[in-house]
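Undergrad: Take a look and give me a structure for this.
(one chain, ligands or ions: 1)
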Amino acid sequence: MSTFQERYAASVMNTFGPPKLVLVKGEGAHVWDVDGNEYVDLLGGIAVNALGHGHPALVEAVSAQLQTLGHVSNFFTTPQQVELAEKLLELIGADAGGGKVFFTNSGTEANEAAFKLTRRTGRTHVVVAEQSFHGRTMGALALTSKEAYRAPFEPLPGDVTFVPFGDVDALAAAVTDRTAAILLEPIQGEAGVNVLPDGFLATARAIADEHGALLWLDEVQSGMGRTGEWFAHLPSGVTPDVVTVAKGLGGGFPIGACIALGPAGELLQPGNHGTTFGGNPVACAAALAVIRTIEEQDLLEHVSVLGQKLRDGLVADPRVTEVRGEGLLIGLDLAEERSAEVAAAALKSGFIINNATPQRIRLAPPLVLTDDDAKAFLAAWPAILDEAF
Ligand SMILES: *Cc1c(COP(=O)(O)O)cnc(C)c1O
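TA: Presented below is the predicted three-dimensional model:
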């Protein structure tokens, strides 16, 4: 009998390389593989499993909604869809009637919706940061900087200018009166967690205003409580025109959203865009359960406190040269290009972490990660580095 890994290789397209594990069960921040080994999941399905695995509130919401009404076409709406749109606008700080939401099934689709929305300004030029990641569909890929991802699929939609991340002068020079939008991740996740310098978003807002361009923030990874705030941009006080979210929104149930604030909410009109599954009541019920649980359990505070403890503990080893991030979106630089070895050693010790780049490790655990699990990881950390270095 061949293994699931062998059967995967024979039946699933090889877009991700060989899977590291075959997972069969999860509970809280723990998962188990097909051989019965237990792991602490410090990646959370890449910032997706906000409530961890098998959270009763999520299971109950999805099951109950599926039993009641599982899908309707977009000729109709449901209370769950309307409530989620209103809730997202409330969390982002929009006044009543101050914004509009378009629901999708993923992050890349949220960005496709936003990209099309920017075209409705009558302009096409978009200014994006280097090291950006906005998704793998053709539009989002056009806005993603990594050459290896782009090159095999060119020509991509054009009129995109990349500027160094966090470089005010480069941004000011790139934006003109024919720029439709500036697109930024407040914290770049896939790049290994790059945090924008203080004051940068306010400057970007001013540059956008000067040229009549939209400010679009991709919070697919940084949003929905991951940083200890509902959205990573909120502490800046800046009001963007468009915010895209996905990953943590449904806690593992696929859903994304393009949130447009103020007049930008009117740019997409009937016939301009659509999706069959986007905004279905099961996905919206999942997201409402995630948001309700974060509120009821005061998880934003927990995320801030635990994130700080993790960052302090991780940087204490000389083989770690820098630790960055907010809340439970954490990136660290190793003294050498050994992130693959470090991730492999962690896995052997029972911890799932991510080698985001050859020299950078990323953690994005469930927001419900316990103090004990965080402590166990910090206790194992020096031995993990010993094995990898
Ligand atoms: C993951 C991610 C995306 C793409 O989301 P998918 O759901 O994988 O399509 C887009 N932007 C950012 C910032 C991301 O982290």
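Undergrad: I'd guessed T227 sits against E326; true?
TA: Yes. The pair T227 / E326 is scored as a contact, 3.8 Å apart, by C-beta atoms under 8 Å. Yep, even glycine has a C-beta here, placed from its N, CA and C like the rest.
Undergrad: For the two, work out which one has more neighbours and name it.
TA: The residue with more neighbours, out of T227 and E326, is T227; 27 against 22, by other C-beta atoms under 10 Å.
Undergrad: what are the phi and psi values for the closest residue to A340 other than its chain neighbours?
TA: Leaving aside its chain neighbours, A340 sits nearest to N355 (5.0 Å; criterion: C-beta to C-beta, 6 or more residues apart in numbering). When read as degrees, to the nearest 10, the backbone of N355 gives phi -90, psi 90.
Undergrad: and N355, how far is that from S145?
TA: Distance from N355 to S145, counting by C-beta to C-beta, to the nearest Å: 19 Å.
Undergrad: cool, and I255?
TA: From I255 over to S145 the distance is 26 Å, taken as C-beta to C-beta.
Undergrad: Tell me which of these two has more neighbours.
TA: More crowded of I255 and S145, by other C-beta under 10 Å: I255, with 29 against 19.
Undergrad: In terms of pLDDT, where does the residue of the chain found nearest the ligand sit?
TA: As assessed by C-beta to the nearest ligand atom, the ligand sits closest to G107 within the chain, at 2.2 Å. pLDDT, G107: 98.
Undergrad: right, and it touches V220 too?
TA: Yes. With contact defined as C-beta under 8 Å, G107 reaches V220; the gap is 3.6 Å.
Undergrad: what touches both of those two?
TA: H134, G135, T244, V245, A246, K247, G256 (C-beta atoms under 8 Å, 6 or more residues apart in numbering).
Undergrad: which ones among the residues you listed come in contact with the ligand?
TA: Near the ligand, judged by C-beta under 6 Å from any ligand atom, the entries from the shared contacts of G107 and V220 are H134, G135, A246, K247.
Undergrad: ok, the last one to A47 distance?
TA: What that stands for is K247. 5 Å.
Undergrad: and for these two, which residues touch both?
TA: What both K247 and A47 touch, as defined by C-beta under 8 Å, 6+ apart, is the set Q221, R226.
Undergrad: Show me the contact partners of the helix or strand containing A202.
TA: Assigned by DSSP states H and E, A202 falls within helix 200-211. Under the criterion C-beta under 8 Å, 6+ apart, residues 166, 168, 171-172, 175-177, 179, 181-182, 184, 186, 213-215, 217, 233, 236-241 lie in contact with helix 200-211.
Undergrad: before we move on, the earlier item: what residues are shared contacts of T227 and E326?
TA: Common neighbours of T227 and E326 (C-beta under 8 Å, 6+ apart) are I187, G307.
Undergrad: ok, which stretches of the stretch 1-150 of the chain are strands?
TA: Ranges of strands within the stretch 1-150 of the chain are 23-27, 30-33, 38-41, 99-104, 125-129, based on DSSP state E, counting those that start in this stretch.
Undergrad: now R123, nearest residue through space, not along the chain?
TA: Nearest to R123 is A180, by C-beta to C-beta, 6+ apart, at 3.7 Å.
Undergrad: Show me what from the stretch 1-150 of the chain comes close to the ligand.
TA: Residues of the stretch 1-150 of the chain found near the ligand (C-beta under 6 Å from any ligand atom) are S106, G107, T108, N111, F133, H134, G135.
Undergrad: Same list (these) but as TSV, adding neighbour count.
TA: Formatted as TSV, those follow (neighbours: other C-beta atoms under 10 Å):
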residue	neighbour count
S106	20
G107	29
T108	23
N111	28
F133	22
H134	28
G135	25
